[in-house]
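Visitor: Need the 3D shape of this:
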Amino acid sequence: MAHLIHLSDLHFGAHDDRLVAAVEERVNDEKPDLVIISGDFTQRARTAQFQDACRLLSRLRESGHDVLGVPGNHDVPLYDVLRRFLSPLTRYRRYIDDSLCPFHQLPTAAVLGINTARSLTFKNGKINDEQIEFIRQTFSRVDAAVPRILVTHHPIFALPTGDGVGEPIKNQADILQMIGEIGVDILLAGHNHRASHQDSADFVTKSTGALVIQAGTATSTRVRGEHQSFNRIIVNGENVEVTLIGWHETEFRNGDPARFTRKDGRWVKLGDEGIEKVPTAPKEPATSAN
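Guide: Residues are numbered from 1 along each chain as shown. The predicted structure is shown next:
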C-alpha cells in the first residue's frame, strides 16, 4: 500500500502563510510515503518566491518526507523575456529540483514526474515526443504488478477551470496512446485550481485505463470557486482511495473518501457498502470565502 499526499499550485508570492503552516503540519501528521507537488511553486518565478518554496521543501525533507515535484507554467518567468526564452527553469533547478522529470520508486507504486511547462506558451502545456519515449522507457523497467503514476502540472484532458473548460494538453492523442499501451494507472495534475477524480473514459471514448486525479490549490489565495485543498491518495494494487482535505476557515479537514476499484479495464467508483455507484451530475461547488 502506498500513502501519498498530492499538493499543487502553491503559488508562493500569492500565498497565505496560515495555509502553508497548516499544510506542513498536516503532512507531518499524515507521515506519507511520498509528497507529490504538481507544479506552480511560485506566482511569478522570482528568486524570493522560489526561496520561500525551497524553505518549505527543506522543512518537509528535514522532517523525513520524500518529495517529488514538477514545474508549472508559473515557474517560468512571464515578464523577464530574456530569462523566459534563454533559461526558463534555471531558478527552478536551483531551488526546487535539478531534475525536471523525477522518478521515485516505492515498493507499492512507481511515480514519474514530467515537465509540461513551456517558454512559448503562457499557460498551456505539452509533452513532446522525446518525453513520451522517456515515459515508455522508464515505466518499462517497472514490474507490471506495481501501479504506475504519472505526474504533470497540466491536465491531459479538458477539465473545468471555474470559469469554463480548459484546453487539453497538446499532442494529446499520442499521449493517450502511450498511456494505454504502457499501462499508466493514475494521472495526477493541477493547474486548474479545481479538485476532481474520475476514470479517463469519462473524457475520451476509448479508455486508457487511468484514474484521473486533479488537485486544487493548496496554499494560494487565487481560488476558482473552491476552497484551498489537497489530496490524500491510498494506492493498494487494484484499489485506490482519494480523500479531499479542504480548508475550513482555520484548519484543513477531511472530506468523505472516494473509493475506486478496477473493473473491466476501468476505474469504478464504489459506495460505502463496496458496491458500484451510479454516476450522478456533479454539484456546483460552494463559492470560496477566501
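Visitor: Tell me how many other residues surround Arg93.
Guide: 14 (other C-beta atoms under 10 Å). Where you see a C-beta, it was placed from the backbone N, CA and C, and this is true even at glycine.
Visitor: What backbone torsions are found at it?
Guide: phi -60, psi -30 (degrees, to the nearest 10).
Visitor: Could I get the contacting residues of it?
Guide: With contact set as C-beta atoms under 8 Å, 6 or more residues apart in numbering, Arg93 has these partners: Leu100.
Visitor: Tell me the confidence at it?
Guide: According to the prediction, Arg93 has pLDDT 96.
Visitor: mean confidence score for stretch 157-173?
Guide: 83.
Visitor: again with stretch 214-229
Guide: So the average pLDDT for stretch 214-229 ends up being 93.
Visitor: residues of stretch 152-164 that come out buried?
Guide: Thr152, His153, His154, Pro155, Ile156, Phe157, Leu159, Pro160, Thr161 (16 or more other C-beta atoms under 10 Å).
Visitor: Same check on stretch 44-52?
Guide: Arg44, Ala45, Arg46, Gln49, Phe50, Asp52.
Visitor: Return the distance of it from the chain's centre.
Guide: 20 Å (C-alpha atoms, centre = their mean, to the nearest Å).
Visitor: Could you export that stretch as PDB, keeping only the C-alpha atoms?
Guide: C-alpha atoms of stretch 44-52 as PDB (Å, rounded to 0.1, in the frame of the first residue of the first chain):
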ATOM      1  CA  ARG A  44       6.000  34.800 -11.000                       C
ATOM      2  CA  ALA A  45       9.100  32.700 -10.900                       C
ATOM      3  CA  ARG A  46      11.000  35.300  -8.900                       C
ATOM      4  CA  THR A  47      14.000  34.400  -6.700                       C
ATOM      5  CA  ALA A  48      12.400  35.300  -3.400                       C
ATOM      6  CA  GLN A  49       9.300  33.200  -4.300                       C
ATOM      7  CA  PHE A  50      11.500  30.200  -5.200                       C
ATOM      8  CA  GLN A  51      13.400  30.700  -1.900                       C
ATOM      9  CA  ASP A  52      10.200  30.600   0.100                       C
END
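Visitor: contacts for that stretch?
Guide: In contact with stretch 44-52 (C-beta under 8 Å, 6+ apart) are residues 12-13, 15, 41-43, 74-80, 91-92, 94-96.
Visitor: State the pLDDT value of the residue nearest the centre of the chain.
Guide: Nearest to the geometric centre of the chain sits Ala189, at 3.1 Å (C-alpha atoms, centre = their mean). Looking at Ala189, its pLDDT is 97.
Visitor: please begin residue numbering at 566 from this point
Guide: All set: I'll call the first residue 566, so the last point we hit is now Ala754.
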